[in-house]
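[1] Output the structure for:
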Amino acid sequence: MDRRQFIKGALVTTAALSLGGVLGSFADDSKSDKGDKNKMKILVITGSPRKGGNSSTLADSFTKGAGEAGHEVVRFDAAFKDVHPCTGCNSCGMNGPCVFKDDFEFVRKHIVDADMVVFATPMYYFGISA
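    Residues are numbered from 1 along each chain as shown. Prediction:
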(Lines give C-alpha, C1' and ligand atoms only; values in the text may rest on other atoms or scores of the structure.)
Protein backbone atom coordinates (compact mmCIF):
# COMPACT_ATOMS: atom_id res chain seq x y z
CA MET A 1 0.00 0.00 0.00
CA ASP A 2 1.21 3.47 -0.83
CA ARG A 3 2.15 5.33 2.39
CA ARG A 4 0.78 8.66 1.16
CA GLN A 5 -2.58 7.13 0.28
CA PHE A 6 -2.68 5.41 3.69
CA ILE A 7 -1.94 8.66 5.55
CA LYS A 8 -4.41 10.60 3.39
CA GLY A 9 -7.13 8.07 4.15
CA ALA A 10 -6.35 8.20 7.87
CA LEU A 11 -6.53 11.99 7.91
CA VAL A 12 -9.80 12.05 5.96
CA THR A 13 -11.29 9.50 8.36
CA THR A 14 -10.12 11.44 11.42
CA ALA A 15 -11.52 14.71 10.09
CA ALA A 16 -14.84 13.14 9.16
CA LEU A 17 -15.19 11.50 12.54
CA SER A 18 -14.36 14.64 14.47
CA LEU A 19 -16.92 16.62 12.46
CA GLY A 20 -19.65 14.03 12.06
CA GLY A 21 -19.63 11.93 15.22
CA VAL A 22 -18.07 8.56 15.90
CA LEU A 23 -20.64 6.27 14.29
CA GLY A 24 -22.71 8.78 12.32
CA SER A 25 -23.53 8.56 8.67
CA PHE A 26 -19.90 8.47 7.59
CA ALA A 27 -19.16 7.45 4.02
CA ASP A 28 -15.71 7.53 2.45
CA ASP A 29 -15.96 8.24 -1.29
CA SER A 30 -12.72 6.35 -1.99
CA LYS A 31 -14.39 3.13 -0.81
CA SER A 32 -17.78 3.64 -2.43
CA ASP A 33 -17.29 0.68 -4.75
CA LYS A 34 -17.04 -1.76 -1.83
CA GLY A 35 -20.76 -2.11 -1.16
CA ASP A 36 -22.75 -0.52 1.63
CA LYS A 37 -21.35 2.94 2.35
CA ASN A 38 -22.66 2.99 5.91
CA LYS A 39 -21.03 -0.28 6.98
CA MET A 40 -17.58 0.35 8.41
CA LYS A 41 -14.72 -2.02 9.14
CA ILE A 42 -13.49 -1.13 12.62
CA LEU A 43 -10.34 -2.36 14.36
CA VAL A 44 -10.35 -1.95 18.16
CA ILE A 45 -6.93 -2.12 19.84
CA THR A 46 -6.84 -2.32 23.62
CA GLY A 47 -3.77 -1.75 25.75
CA SER A 48 -4.82 -2.47 29.32
CA PRO A 49 -3.50 -5.57 31.11
CA ARG A 50 -6.58 -5.55 33.41
CA LYS A 51 -9.32 -7.90 32.23
CA GLY A 52 -12.66 -6.36 33.10
CA GLY A 53 -11.09 -2.96 33.83
CA ASN A 54 -12.32 0.45 32.70
CA SER A 55 -10.62 0.39 29.28
CA SER A 56 -11.82 -3.13 28.59
CA THR A 57 -15.37 -2.23 29.61
CA LEU A 58 -15.35 0.83 27.33
CA ALA A 59 -14.01 -1.26 24.44
CA ASP A 60 -16.71 -3.89 25.08
CA SER A 61 -19.44 -1.24 25.02
CA PHE A 62 -18.10 0.37 21.86
CA THR A 63 -17.75 -3.00 20.12
CA LYS A 64 -21.28 -4.01 21.09
CA GLY A 65 -22.78 -0.70 19.91
CA ALA A 66 -20.85 -0.71 16.65
CA GLY A 67 -21.84 -4.31 15.97
CA GLU A 68 -25.51 -3.53 16.65
CA ALA A 69 -25.25 -0.57 14.25
CA GLY A 70 -24.22 -3.01 11.51
CA HIS A 71 -20.49 -2.39 11.46
CA GLU A 72 -17.86 -5.11 11.20
CA VAL A 73 -15.69 -4.98 14.33
CA VAL A 74 -12.52 -6.91 15.18
CA ARG A 75 -10.62 -6.52 18.46
CA PHE A 76 -6.97 -6.93 19.36
CA ASP A 77 -6.05 -7.06 23.07
CA ALA A 78 -2.37 -6.11 22.81
CA ALA A 79 -1.53 -6.75 26.48
CA PHE A 80 -2.33 -10.44 26.07
CA LYS A 81 -0.59 -10.97 22.74
CA ASP A 82 2.99 -11.64 21.68
CA VAL A 83 4.02 -8.40 19.96
CA HIS A 84 7.62 -7.40 19.35
CA PRO A 85 8.55 -3.72 19.15
CA CYS A 86 9.53 -2.37 15.74
CA THR A 87 13.29 -2.20 15.26
CA GLY A 88 13.13 0.13 12.26
CA CYS A 89 14.82 -2.39 9.96
CA ASN A 90 12.43 -1.36 7.12
CA SER A 91 12.13 -4.93 5.86
CA CYS A 92 8.37 -4.56 5.67
CA GLY A 93 8.37 -1.25 3.77
CA MET A 94 4.56 -1.33 4.24
CA ASN A 95 4.41 -4.02 1.53
CA GLY A 96 6.70 -6.85 2.62
CA PRO A 97 6.55 -9.19 5.58
CA CYS A 98 7.78 -8.18 9.03
CA VAL A 99 10.90 -9.97 10.26
CA PHE A 100 9.02 -10.86 13.45
CA LYS A 101 6.45 -13.65 13.23
CA ASP A 102 4.22 -12.54 16.08
CA ASP A 103 0.59 -11.65 16.80
CA PHE A 104 0.91 -8.23 15.14
CA GLU A 105 0.19 -9.91 11.80
CA PHE A 106 -3.48 -9.84 12.88
CA VAL A 107 -3.34 -6.04 13.25
CA ARG A 108 -1.50 -5.57 9.98
CA LYS A 109 -4.05 -7.67 8.13
CA HIS A 110 -6.99 -5.66 9.51
CA ILE A 111 -5.60 -2.11 9.77
CA VAL A 112 -5.10 -1.59 6.04
CA ASP A 113 -8.78 -2.19 5.23
CA ALA A 114 -10.12 -0.53 8.39
CA ASP A 115 -12.29 2.55 8.04
CA MET A 116 -11.70 3.32 11.71
CA VAL A 117 -9.10 2.32 14.30
CA VAL A 118 -10.12 2.71 17.94
CA PHE A 119 -7.55 2.75 20.74
CA ALA A 120 -8.84 1.88 24.21
CA THR A 121 -6.06 2.26 26.75
CA PRO A 122 -5.52 3.61 30.24
CA MET A 123 -3.57 6.82 30.66
CA TYR A 124 -0.34 6.20 32.53
CA TYR A 125 1.43 9.43 33.47
CA PHE A 126 -0.24 11.43 30.67
CA GLY A 127 0.48 8.94 27.91
CA ILE A 128 -1.06 5.80 26.45
CA SER A 129 0.19 2.36 27.46
CA ALA A 130 3.08 0.88 25.53
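
[2] Okay, now the unreliable bits of the chain?
    1-8, 10-37, 94 (pLDDT under 70).

[3] Would you map the helices across it?
    3-20, 54-68, 104-111 (DSSP state H).

[4] Tell me the buried residues in the second one?
    For helix 54-68, a neighbour-count test (16 or more other CB atoms under 10 Å) marks 55, 56, 58, 59, 62, 63, 66 as buried. Just so you know, the C-beta spots here come from the backbone N, C-alpha and C atoms, and that holds for glycine as well.

[5] Please apply the same query to the shortest one.
    Neighbour-count burial for helix 104-111 flags 104, 107, 110, 111 (criterion: 16+ other CB under 10 Å).

[6] Does anything pack onto it? Which helices or strands?
    Judged by 3 or more CB pairs under 8 Å, 6 or more residues apart in numbering; DSSP states H and E, helix 104-111 is in contact with strand 41-46, strand 72-77.

[7] As TSV, the buried residues of helix 104-111 with distance to residue 127 would be great.
    Formatted as TSV, the buried residues of helix 104-111 follow (distance: CB to CB, whole Å):
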residue	distance to residue 127
104	20
107	20
110	24
111	21
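
[8] What is the nearest of those to residue 43?
    residue 110 (4.8 Å; CB to CB).

[9] who's in contact with the residue nearest to that closest one when sequence neighbours are not counted?
    Leaving aside its sequence neighbours, residue 110 sits nearest to residue 43 (CB to CB, 6 or more residues apart in numbering; 4.8 Å). Residues in contact with residue 43 (CB atoms under 8 Å, 6 or more residues apart in numbering) are 73, 74, 75, 76, 107, 110, 111, 114, 116, 117, 118.

[10] Using neighbour counts, trim the residues you listed to the buried set.
    With burial judged by 16+ other CB under 10 Å, the buried subset of these is 73, 74, 75, 76, 107, 110, 111, 114, 116, 117, 118.

[11] what's near enough to touch the residue minimising distance to the centre of the chain?
    In the chain, the residue lying closest to the centroid (CA atoms, centre = their mean) is residue 117, at 2.6 Å. Applying CB under 8 Å, 6+ apart, we find residue 117 in contact with 42, 43, 44, 45, 111.
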